[in-house]
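Participant: I'll drop the sequence and a predicted model, then ask my questions.
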Amino acid sequence: MEISTMETIETLGTVAFSISGSFAAMQRRLDPFGVLIIAFVTSIGGGTVRDLLLGDTPVAWMRDVNYCLLILLTSLATIFFKTHIKKFKVTLFLFDSAGLGLFTMLGIQKGIMFGLSPGICVALGTITGCFGGVIRDTFLNTIPLIFRKEIYATACILGGVLYFTLKYFNMKEDVANISVIAFIFVFRIVVVRYKLTLPKFGY
Amino acid sequence: MEISTMETIETLGTVAFSISGSFAAMQRRLDPFGVLIIAFVTSIGGGTVRDLLLGDTPVAWMRDVNYCLLILLTSLATIFFKTHIKKFKVTLFLFDSAGLGLFTMLGIQKGIMFGLSPGICVALGTITGCFGGVIRDTFLNTIPLIFRKEIYATACILGGVLYFTLKYFNMKEDVANISVIAFIFVFRIVVVRYKLTLPKFGY
Amino acid sequence: MEISTMETIETLGTVAFSISGSFAAMQRRLDPFGVLIIAFVTSIGGGTVRDLLLGDTPVAWMRDVNYCLLILLTSLATIFFKTHIKKFKVTLFLFDSAGLGLFTMLGIQKGIMFGLSPGICVALGTITGCFGGVIRDTFLNTIPLIFRKEIYATACILGGVLYFTLKYFNMKEDVANISVIAFIFVFRIVVVRYKLTLPKFGY
């Protein structure tokens, strides 16, 4: 049952990041092949880095062709339906935020499965959530998007702390998962919408 | 026997990429030490990423000092004979294409050895073939060389599809290997020579 | 006993790179969160790449929360005491050189523990010493610092050769360790101070 929840989260996160990657690539006018590559890299980036650090190899996408097919189909559907979508930036941003929440939760769960301490699980969740987008942006060479990178990581870390707080108060696993995913999704949108930033150092 | 074929391919690919890396580094006027480093990185880059993804560690070059010596000697020989070679760009390009074909085939074979499905094997072959050159170009900061990067990957993917097609028709292993290597080599040269590209999206 | 020496070296190296990372980040006026991230990445970068190549996973910092706490506290202390330090560049450089020596020695030791040949151990030591700084500089986008990158690697390689020479003449383990660390530290400072460089190719 636990595993099926994680599988659902993984599937949704893969779809979300595949769409976000496709949009980002189409925005930069890449050819169809380039769009597929970026969709693929965005979807598997975070999980691959996570599995490498854990030593859980061959990494996830190599063991299951279905994920590769899922990414391929999602990306093709995104290319196909692109003419119906007006607000590229907003759509890209929403799916990227959803993927961030879903993959962060997944990374935390995998850290717990490997018996790591809570602090390390939060770090692993943050890496899982953020690296797909970081690799995507590096490949597309779009460093300063509409959002600051620290906000990415801050949302994941706060989400991770929230998860272990909820578990401390014995919240049901599924409810805790959904709460954390929703929190990261909403937190990131609110921060970007109202342009909140961390205070800078004044030297 | 299978293994000896793979060893031959690995040796040839290592030599080819070591030469291509040395030329690329000399073209950028690096000192001898820098040339050795780039030759090394170009030769081992693809195989290292492949072994990390598969979890086949310590990675290949760590287990066998002979490969490191082979790269060192090839690179020194390249530095020594450089005055006899007029057409740097062409020589670099030919050896890079040969290495691409050889290492792609090697990656596919290793994927099969690990029991991965054909699609994943093709991806693994593409990664093995392309990453050495990608890391070399990143280190040398020469992003837009004379060839487009997609052509790199396209050649590898088509070569991979060709391999499984040949195997489907029960072609002998060695003949299939050589055919695929030759295909990737020739395909890349033809594409770059006649400046063929994939169609772009028109938004 | 051997292990306790290695642990001491690891602790000192972690502290040194954490300070160097914090200084580099504060120099670029990052917010406190960014400073922590850079301190963390600088400290764990080299060891993480080393453990990934060896397949010694989950990588070191995941298995031991204490290192993460050590980095956190060192970084916070550095932020706190920054007003008392005038010569940012010099302090950053000294701690970076100390970390380089300590982590190179640690990488060589770990290579020996894994039964690798001396040449590979030297390469592993060089990677362990250099990668933290390389990742830090890449994140901060400061490619041409006050020192050339080759000097980094040259110091590590010569230090590694020195280690195996000392061991060949049966020098005591601890004395050999300290000699190598001191050599790399002093060598790098002398080279940067007197602006020594390797000879370039003249085409």
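Facilitator: On my side now, so go ahead.
Participant: Just give the nearest non-adjacent residue to the residue of chain A at minimum distance from chain B, would you?
Facilitator: The nearest approach of chain A to chain B comes at residue A:57, 2.5 Å away (CB to the nearest CB). C-betas here are computed from N, CA, C, even on glycine. If the residues on either side of it in the chain are set aside, residue A:57 comes closest to residue B:55, at 2.5 Å by CB to CB, 6 or more residues apart in numbering or on different chains.
Participant: Could you give the number of residues near that neighbour?
Facilitator: Per other CB atoms under 10 Å in any protein chain shown, the neighbour tally for residue B:55 reads 17.
Participant: Go ahead and confirm residue A:155 touches residue A:189.
Facilitator: No - between residue A:155 and residue A:189 no contact is recorded; they are 9.6 Å apart, counting by CB atoms under 8 Å.
Participant: More neighbours: which of the two?
Facilitator: Neighbour comparison, residue A:155 and residue A:189: the larger count goes to residue A:155, with 28 against 16 (by other CB under 10 Å).
Participant: Export the helix or strand where the more buried one lies to CSV, keeping only CA atoms.
Facilitator: Counting by DSSP states H and E, the secondary-structure element that holds residue A:155 is helix A:149-168. Taking C-alpha atoms only, helix A:149-168 is exported to CSV below (Å, rounded to 0.1, in the frame of the first residue of the first chain):
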residue,chain,number,x,y,z
LYS,A,149,16.9,29.4,-7.2
GLU,A,150,17.1,29.6,-3.4
ILE,A,151,13.3,29.6,-3.3
TYR,A,152,13.4,26.2,-5.0
ALA,A,153,15.5,24.7,-2.2
THR,A,154,13.8,26.7,0.7
ALA,A,155,10.4,25.3,-0.3
CYS,A,156,11.8,21.7,-0.3
ILE,A,157,13.5,22.1,3.0
LEU,A,158,10.5,23.6,4.7
GLY,A,159,8.3,20.9,3.2
GLY,A,160,10.7,18.3,4.6
VAL,A,161,10.6,19.8,8.1
LEU,A,162,6.8,19.9,7.9
TYR,A,163,6.8,16.2,7.0
PHE,A,164,8.8,15.1,10.0
THR,A,165,6.7,17.5,12.2
LEU,A,166,3.5,15.9,11.0
LYS,A,167,4.9,12.4,11.5
TYR,A,168,6.0,13.4,15.0
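Participant: Got the phi and psi for the residue of chain A closest to chain B?
Facilitator: phi -120, psi 160 (degrees, to the nearest 10).
Participant: Ok, the one 10 residues further on next?
Facilitator: Note on residue A:67: its backbone torsions stand at phi -60, psi -40 [degrees, to the nearest 10].
Participant: Correct me if wrong: it contacts residue A:59.
Facilitator: No - applying CB under 8 Å as the test, residue A:67 and residue A:59 come out as separate, 10.7 Å apart.
Participant: Mind listing the shared neighbours of these two?
Facilitator: Here residue A:67 and residue A:59 have residue A:44 as joint contacts, going by CB atoms under 8 Å, 6 or more residues apart in numbering or on different chains.
Participant: Give me the helices and strands touching the host helix or strand of residue A:127, please.
Facilitator: Following DSSP H and E, the helix or strand that holds residue A:127 is helix A:118-140. Packed against helix A:118-140 by the contact rule (3 or more CB pairs under 8 Å, 6 or more residues apart in numbering or on different chains; DSSP states H and E) you find helix A:2-27, helix A:32-54, helix A:88-113, helix A:149-168, helix C:60-63, helix C:65-81.
Participant: Tell me who's in contact with residue A:120.
Facilitator: Applying CB under 8 Å, 6+ apart to residue A:120 gives the contacts A:111, C:61-62, C:65, C:68.
Participant: Please list all residues in contact with the residue most central in space within chain A.
Facilitator: When chain A is reduced to its mean C-alpha position, the nearest residue by CA atoms, centre = their mean turns out to be residue A:100, at 3.0 Å. Residues near residue A:100 by CB under 8 Å, 6+ apart: A:129-130, A:133, A:152, A:155-156, A:184-185, A:188.
Participant: now do residue A:112
Facilitator: Remark: with contacts taken as CB under 8 Å, 6+ apart, residue A:112 is in contact with residue A:121.
Participant: where does it land on pLDDT?
Facilitator: With respect to pLDDT, residue A:112 has a value of 93.
Participant: what separates it from residue C:48, distance-wise?
Facilitator: Taking CB to CB, to the nearest Å as the measure, residue A:112 falls 21 Å from residue C:48.
Participant: Only the buried subset of the contacts of residue A:120, as a ChimeraX command please.
Facilitator: Buried residues within the contacts of residue A:120, as defined by 16 or more other CB atoms under 10 Å in any protein chain shown, are selected in ChimeraX through the command that follows:
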select /A:111 /C:61,62,68
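Participant: can you list the weak-confidence ranges in chain A?
Facilitator: Applying pLDDT under 70 to chain A flags the ranges A:1-3, A:85-86, A:88, A:141-150, A:195-203.
Participant: Next, the contact list for the closest residue to chain C within it, please.
Facilitator: For chain A, the residue positioned closest to chain C under CB to the nearest CB is residue A:55, at a distance of 2.5 Å. With contacts defined as CB under 8 Å, 6+ apart, residue A:55 is in contact with B:55, C:55-59.
Participant: Just give me the closest of those to residue C:177.
Facilitator: Of all the contacts of residue A:55, residue C:177 sits closest to residue C:56, with 20.3 Å by CB to CB.
Participant: Give me the phi and psi angles of that closest one.
Facilitator: Dihedral angles of residue C:56 (phi, psi; degrees, to the nearest 10) stand at phi -90, psi 80.
Participant: Tell me who's in contact with it.
Facilitator: When contacts are counted by CB under 8 Å, 6+ apart, residue C:56 touches A:55, C:50, C:110, C:114.
Participant: now it: how far from residue B:50?
Facilitator: Distance of residue C:56 to residue B:50, given as CB to CB: 19 Å.
Participant: on that earlier part again, among the contacts of residue C:56, which two are most distant?
Facilitator: Using CB to CB, those span at most 15.6 Å, a distance reached by A:55 and C:110.
Participant: Which positions in chain A make contact with chain B?
Facilitator: Residues of chain A found near chain B (CB under 8 Å from any CB of the partner chain) are A:26, A:29-35, A:37, A:48, A:52, A:55-59, A:61-62, A:65, A:68.
Participant: was I right about the residue of chain A closest to chain B contacting residue A:51?
Facilitator: Yes - because the distance of 6.3 Å satisfies CB under 8 Å, residue A:57 is recorded as touching residue A:51.
Participant: Of the helices and strands packed on helix A:118-140, which is nearest residue C:179?
Facilitator: Proximity to residue C:179, assessed across the helices and strands packed on helix A:118-140 by CB to CB, is greatest for helix C:60-63 (24.9 Å).
Participant: elements contacting the closest one?
Facilitator: With 3+ CB pairs under 8 Å, 6+ apart as the test, helix C:60-63 has helix A:118-140, helix C:32-54, helix C:65-81 packed against it.
Participant: can you rerun that using 10 Å?
Facilitator: Counting contacts by 3 or more CB pairs under 10 Å, 6 or more residues apart in numbering or on different chains; DSSP states H and E, helix C:60-63 is packed against helix A:32-54, helix A:118-140, helix C:2-27, helix C:32-54, helix C:65-81.
Participant: Tell me who's in contact with residue A:129.
Facilitator: When the contact criterion is CB atoms under 10 Å, 6 or more residues apart in numbering or on different chains, the partners of residue A:129 are A:13, A:17, A:46, A:50, A:99-108, A:152-153, A:155-157, A:159-160, A:184.
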